[in-house]
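>>> Pasted the sequence and its predicted model underneath.
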Amino acid sequence: MIGYVTLGTRDLARGAVFYDAIAKEFGVGRMGGSDRFIAWGVPGGAAGIGLTLPADGMPATVGNGVMVALEARDRAQVDRLHALALSLGGTDEGAPGERFAGFYAAYFRDLDGNKLNAYFMG
């Protein structure tokens, strides 16, 4: 149902470095963009993610209770994504671990404070 998710940023070039690395871990790259927006994913594939400077020209803000969940291939990829995010300047919101039977997840924030989750079910 979800085609893509867009997150706001205060610095598109800085945020691009973070999401280029996250996308690379998933084996995808940029689908397109402009001087105000970048999209990552595969056309016709699973939902992608975009990073944008807000259209109204106001500073980007983080949604309270908003989170983007990224489906990992396995538990090892969850661990890698969490470590990668932190190495790129992201912040920890919950170390990798089993949250309930069969749900392994890690939580982190990007450089603008947007909350993400990498998870594996199985």
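Looks like it arrived, so ask away.
>>> in the lengthiest strand in the chain, what counts as buried?
Ranked by residue count, the top strand of the chain under DSSP state E comes out as strand 91-100. By neighbour count with 16 or more other Cβ atoms under 10 Å, strand 91-100 contains the buried residues Pro96. Just so you know, the C-beta spots here come from the backbone N, C-alpha and C atoms, and that holds for glycine as well.
>>> for stretch 59-70, same thing?
Along stretch 59-70, these residues count as buried under the neighbour rule (16+ other Cβ under 10 Å): 60, 68, 70.
>>> What ranges does this protein have for its helices?
12-25, 75-87 (DSSP state H).
>>> Let me have these in JSON lines, extended by distance to Thr52, mean neighbour count and mean pLDDT.
Conversion of the helices of the chain to JSON lines gives the following (distance: least, Cβ to Cβ, whole Å; neighbours: other Cβ atoms under 10 Å; pLDDT from 0 to 100):
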{"stretch": "helix 12-25", "distance to Thr52": "8", "mean neighbour count": "17", "mean pLDDT": "98"}
{"stretch": "helix 75-87", "distance to Thr52": "19", "mean neighbour count": "18", "mean pLDDT": "98"}
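>>> nearest to Lys115, of these?
Counting by Cβ to Cβ, Lys115 lies closest to helix 75-87 out of the helices of the chain; the figure is 10.9 Å.
>>> Kindly check the end-to-end length of stretch 67-81 for me.
Looking at stretch 67-81, the gap from its leading to its trailing residue is 15 Å under the measure Cα to Cα, to the nearest Å.
>>> Flag the shaky bits of this protein, pLDDT-wise.
Counting by pLDDT under 70, the chain contains no low-confidence segment.
>>> now the residue located most distally from the centre of the chain: how far from Trp40?
When distances to the mean C-alpha position of the chain are computed (Cα atoms, centre = their mean), the maximum falls on Ala101, with 24.0 Å. Taking Cβ to Cβ, to the nearest Å as the criterion, Ala101 is separated from Trp40 by 31 Å.
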